[in-house]
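Participant: based on what follows, work out the 3D shape:
(one chain, ligands or ions: 1)
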Amino acid sequence: MEPVISIRNLFKNFGNKQVLKDINLEVYSGQVIGYIGPNGAGKSTTVKILCGLLTDYEGEVKVKGFDVKKDTLEVKKIIGYVPEMAELYDVLTPKEFLSFMGALYGINEQVCSERIQKILSAFSLADNIDQRMDSFSKGMKQKVLIASGLLHNPDVIILDEPLSGLDANSVIIIKEMISRLARDGKTIFYCSHMMDVVEKVSDRIVLIDEGRIIANGSFEELKVQQGNKSLEQIFANLTSKDSLASTADELIKALEN
Ligand SMILES: Nc1ncnc2c1ncn2[C@@H]1O[C@H](COP(=O)(O)OP(=O)(O)OP(=O)(O)O)[C@@H](O)[C@H]1O
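Facilitator: Below you'll find the predicted structure:
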């Protein structure tokens with residue numbers, strides 16, 4: 001079976017700083033990859049390269065056989081991207097914004113309108129469909145952002161910290177949605193700091209630290225290697241140089257006179 005996502009010998013620099021150092025990864029249809037790592041590890045940079053938003057890198061990155069550097073338009077049709085931080089055009093209503101996104105993807109107007117209605121209903125936003133988004137809460141905006149990433153029914157879904165700001169019920173809905181989309185053969189690339197969610201939804205967990213992959217396997221495999229711990233503990237063991245408790249101590253002491 002051909003991988004849906006194939007990353008070979010990927011290096012990326014920002015100025016003199018090397019932020020991705022020989023990333024190699026293959027992701028197959030129906031897999032959910034949990035891509036995790038400390039702040040600044042290189043997760044969003046990898047995602048931006050996958051989506052064709054950063055093109056000055058070394059190595060080979062392909063999505064469904066298309067080279068993301070050369071066939072950027074084809075790749076954008078295949079991928080649905082929910083970015084970590086995005087500016088919504090919040091003078092628009094969700095209906096206006098999503099209709100605009102649908103038109104960009106060339107979705108039939110009638111199909112698009114029905115999809116918008118159904119997705120927003122599922123997110124309990126049906127009553128807000130014609131309300132300007134500048135009055136929306138963070139979580140409401142996040143739901144519209146997720147809707148815009150899914151609207152064209154992409155085969156590959158890239159979620160960069162999609163749960164930020166979402167309430168507990170919405171987190172459950174997204175977790176269930178990820179599992180069902182994968183069952184339908186979609187490929188999900190999921191970046192998050194929410195270890196309990198990553199642990200549950202991912203078929204494979206890829207841990208990146210300072211631009212290098214330092215662990216790659218199912219949660220069960222990582223547990224066997226690391227001694228039957230939670231993903232949070234495995235993450236701390238593999239990525240923190242100092243004891244986290246002593247760092248917390250330092251922070252508290254910094255506040256004392
Ligand atoms: N446009 C840029 N210009 C210069 N440096 C950048 C740029 N974007 C990212 N970096 C640097 O690249 C490194 C990796 O950043 P990246 O955003 O990929 O990390 P991340 O793993 O997504 O982190 P976080 O969990 O905090 O979102 C960081 O050192 C960051 O400062």
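Participant: so what sits opposite the residue lying closest to residue 51 once chain neighbours are set aside in the bridge?
Facilitator: Nearest residue to residue 51, sequence neighbours excluded (Cβ to Cβ, 6 or more residues apart in numbering): residue 81, at 4.8 Å. Every residue, glycine included, has its C-beta placed from N, CA and C. In this entry, residue 81 is beta-bridged to residue 158, by DSSP bridges.
Participant: who are the packing partners of whichever helix or strand residue 46 is part of?
Facilitator: Using DSSP states H and E, residue 46 maps to helix 43-50. Helices and strands touching helix 43-50, as assessed by 3 or more Cβ pairs under 8 Å, 6 or more residues apart in numbering; DSSP states H and E, comprise strand 5-14, strand 17-27, strand 32-36, strand 58-63, strand 156-160, strand 187-191.
Participant: where do the helices sit along this protein?
Facilitator: Per DSSP state H, the chain carries helices over the ranges 43-50, 72-78, 94-104, 109-122, 138-150, 168-183, 195-201, 219-226, 231-239, 244-254.
Participant: need the residues that contact the last one.
Facilitator: For helix 244-254, contacts defined as Cβ atoms under 8 Å, 6 or more residues apart in numbering pick out 236, 240.
Participant: dump the C-alpha coordinates for it into PDB.
Facilitator: Extracted C-alpha coordinates of helix 244-254, given in PDB (Å, rounded to 0.1, in the frame of the first residue of the first chain):
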ATOM      1  CA  LEU A 244       9.300  19.200  36.200                       C
ATOM      2  CA  ALA A 245       8.600  19.500  40.000                       C
ATOM      3  CA  SER A 246      11.900  21.400  40.500                       C
ATOM      4  CA  THR A 247      11.000  23.700  37.600                       C
ATOM      5  CA  ALA A 248       7.700  24.500  39.400                       C
ATOM      6  CA  ASP A 249       9.700  25.100  42.600                       C
ATOM      7  CA  GLU A 250      11.900  27.600  40.700                       C
ATOM      8  CA  LEU A 251       8.800  29.400  39.400                       C
ATOM      9  CA  ILE A 252       7.300  29.700  42.900                       C
ATOM     10  CA  LYS A 253      10.700  30.900  44.300                       C
ATOM     11  CA  ALA A 254      10.900  33.600  41.600                       C
END
